[in-house]
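> build the 3D model from these lines:
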Amino acid sequence: MTMTSDALLALRQVVKSKSPITYLSNNEPTSMLLNATHLSLGSVSLPKSTPTRYSKPGVPNAASPSDFYTLEAIYLAWLLRDAPGAEYMKQARENGLTVGFVSVTERKNVVDWLEGKVADSDRIKPLDTDSTTPPGTPSRPSPAAHASSSTPKRAARPNTTDLESPSKRRYVPDSHDLEVVKRIQVDEVELRDRNTVLRGVKPNNFSALLSSYSEKLKKSRETKPGAVSVPTPSTGPPMQARKARNMFPIIMISSSPTALITMYNVKRFLQESVFEASASARERAASAGNPRAEDVIHIDRRRTPPTVSGTASAPPSSGAIQRYFVVDSTDALQKFGADAWERVVCVMTTGQVWQFRPYKWSDPRTLFHHVKGIYVTWSNDPPNPKIKDWNVTELKIDPHRRHIDKSVVAHFWKIIDDWTSANKPWLLKS
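The predicted structure is shown next:
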C-alpha cells in the first residue's frame with residue numbers, strides 16, 4: 001500500500017506540507033464539510049467515510065472498519081484542534097458525526113501525530129506490505145516448512161498459533177455493554193462554557209435581518225404620521241405646520257398640584273437643568289403677569305451625538321436641536337390630533353392611579369409598556385410600594401443641592417433618548 005493510497009498517511013502528508021484541503025461533492029467543490037462526499041488531499045481524492053488505521057479507544061484487537069476512525073473524524077480533530085471541548089463536540093455533530101468522532105482527550109494525540117510532533121502511535125495499525133494475494137487467503141508454508149515435513153505436528157503448530165493468536169481474533173462487543181452505551185448516549189449532556197452558551201445552532205449571519213429592518217424602517221419613516229412629506233401644491237401652510245409639529249415627541253406630566261414637576265417649573269427644569277419648587281415658579285409667573293400656566297409647553301434641547309462606545313464626547317454645540325412638547329392633560333394632548341398617543345414617549349407620574357383614568361391605557365402596567373414611565377420623587381423619600389410592578393424608572397431630585405440638578409436632568413434625557421431610539425426612532429432627528 002503506497003503512501004498516497006493510505007488515507008491516514010495522505011492526510012498527514014498534506015498537514016505537514018500545509019497544502020490546502022478542499023471538499024468535493026459529486027466531483028464539484030463545496031464549501032461545507034457536511035455536504036461533501038470526498039476530501040481532496042493534494043493529488044488524492046478520498047471519500048470522507050474512508051476508514052483509517054487509527055483505532056478507537058477501548059478496542060484492543062481492532063479488525064473491523066467500525067473499530068477505526070474515519071478520515072472525516074481524523075480531519076475534524078485536526079481542523080478544530082484549537083476549539084474548546086464543548087465547541088468541538090458541537091461542530092462535530094453539526095458536520096454529521098453524532099458518533100464516531102475523536103474524543104476531546106484523544107484529539108491532542110491525533111493532532112501531534114498528524115503534525116509530525118510524534119513519530120508513531122500504538123493506536124495506529126501498521127501498514128500491510130504490498131501483496132497480490134486476496135485478503136483472507138491462508139498463508140503459504142515457507143520452504144523451510146516443507147523441508148521439515150517429516151515432523152508434521154511441529155510444522156503445523158506455528159500456523160495454528162497464528163490463527164488462534166489474540167491479534168487475529170475479531171472483537172465481538174457484549175450486548176449488555178451496547179445497551180449501557182446507548183443509555184449513556186441518550187442522557188448525554190453537552191458541555192458548555194462562557195464562549196458557547198450564547199451561541200445559536202446556526203451561523204450568526206444577520207445580513208438578511210439588517211436588510212429587512214432597513215426596508216421596514218425606511219417605510220415607517222415614510223408612512224408614520226411624524227414623517228416629513230414633500231409638500232404638494234394643494235397643501236397649505238396650516239397643514240405643513242401641523243405635519244412639522246407632528247414630528248416632535250410629547251411628554252406628559254401629572255396635573256396634581258402636589259407634583260414636583262408641574263407646568264410652572266418643567267421648562268426650566270428640563271431645558272435649563274435647574275429645579276425650582278412649583279409654588280415659587282407659580283408666584284414668579286404671577287408677578288410677571290401670567291397667573292395661569294400654559295397647557296402646552298415646548299422644550300428645545302441639543303442632542304449630543306453618541307460615539308461608538310455610547311458616551312457623548314462631542315461638544316454640546318455639535319448636536320441637532322430636538323423639540324419636545326409637554327402637556328399635563330388629555331385635553332391638551334388632543335390638540336395634536338387623534339394619533340397623538342403615537343408620539344408620547346414619556347409619562348411622569350407621582351404614583352397616583354387617578355392620573356391615568358382619562359389616558360388611552362388606564363392601567364399603569366399596560367401604559368408603561370407603550371410609553372416610558374418616570375416616577376419623580378425626592379431623593380430622601382422612602383420607596384413607594386405602589387410602583388413596584390409599574391415598569392417605571394425613578395428620578396430622584398435632591399431637596400437642597402441644586403448643583404446636582406444638571407446630572408439628574410442629563411440622566412433623564414439619556415433614559416428618554418435610549419427608549420425613543422429603541423421604540424419610536426422616527427420621532428428623533430438624525
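> show me where the stretch 51-200 of the chain has helices.
71-79, 85-94, 104-114, 143-147, 152-163, 175-186 (DSSP state H, counting those that start in this stretch).
> so what does the first one touch, helix or strand wise?
Put plainly, it is helix 71-79. Helices and strands touching helix 71-79, by 3 or more Cβ pairs under 8 Å, 6 or more residues apart in numbering; DSSP states H and E, are helix 7-17, strand 38-41, strand 51-55, helix 85-94, helix 104-114. Yep, even glycine has a C-beta here, placed from its N, CA and C like the rest.
> what's the closest of the helices of the stretch 51-200 of the chain to residue 357?
helix 85-94 (54.3 Å; Cβ to Cβ).
> which other helices and strands does the closest one contact?
helix 71-79, helix 104-114.
> quick one: it to helix 104-114, angle?
Interaxial angle of helix 85-94 relative to helix 104-114 (axes from the mean of the first three to the mean of the last three Cα atoms, to 10 degrees): 80 degrees.
> helix 85-94 vs helix 71-79, what angle?
Orientation of helix 85-94 against helix 71-79 (the same axes, to 10 degrees) gives an angle of 150 degrees.
> tally of neighbours for the residue nearest to residue 8 when sequence neighbours are not counted?
Leaving aside its chain neighbours, residue 8 sits nearest to residue 52 (4.3 Å; criterion: Cβ to Cβ, 6 or more residues apart in numbering). Neighbour count for residue 52, taken as other Cβ atoms under 10 Å: 24.
> now do residue 8
Residue 8 has 23 neighbours, counted by other Cβ under 10 Å.
> do residue 127 as well
Other residues close to residue 127 by other Cβ under 10 Å number 13.
> in this structure it contacts residue 6, no?
Yes: between residue 127 and residue 6 there is a contact under Cβ atoms under 8 Å: 6.5 Å.
> now do the shared contacts for these two.
Shared contacts of residue 127 and residue 6 (Cβ atoms under 8 Å, 6 or more residues apart in numbering): residue 53.
> what are the ranges of the helices in the stretch 301-430 of the chain?
In the stretch 301-430 of the chain, the helices defined using DSSP H, counting those that start in this stretch lie at 330-333, 364-367, 405-423.
> in PDB, list the C-alpha atoms belonging to the last one.
Extracted in PDB, the C-alpha atoms of helix 405-423 (Å, rounded to 0.1, in the frame of the first residue of the first chain):
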ATOM      1  CA  ASP A 405     -29.700  69.100  39.100                       C
ATOM      2  CA  LYS A 406     -27.700  69.100  35.900                       C
ATOM      3  CA  SER A 407     -26.700  65.500  36.300                       C
ATOM      4  CA  VAL A 408     -30.200  64.500  37.200                       C
ATOM      5  CA  VAL A 409     -31.600  66.100  34.000                       C
ATOM      6  CA  ALA A 410     -28.800  64.600  31.900                       C
ATOM      7  CA  HIS A 411     -29.800  61.200  33.300                       C
ATOM      8  CA  PHE A 412     -33.400  61.800  32.400                       C
ATOM      9  CA  TRP A 413     -32.600  62.800  28.800                       C
ATOM     10  CA  LYS A 414     -30.400  59.700  28.400                       C
ATOM     11  CA  ILE A 415     -33.300  57.500  29.500                       C
ATOM     12  CA  ILE A 416     -35.700  59.200  27.100                       C
ATOM     13  CA  ASP A 417     -33.200  59.000  24.200                       C
ATOM     14  CA  ASP A 418     -32.500  55.400  24.700                       C
ATOM     15  CA  TRP A 419     -36.100  54.400  25.000                       C
ATOM     16  CA  THR A 420     -37.200  56.500  22.000                       C
ATOM     17  CA  SER A 421     -34.400  55.200  19.800                       C
ATOM     18  CA  ALA A 422     -35.400  51.700  20.500                       C
ATOM     19  CA  ASN A 423     -39.200  52.100  20.300                       C
END
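> fine by me, we can end here.
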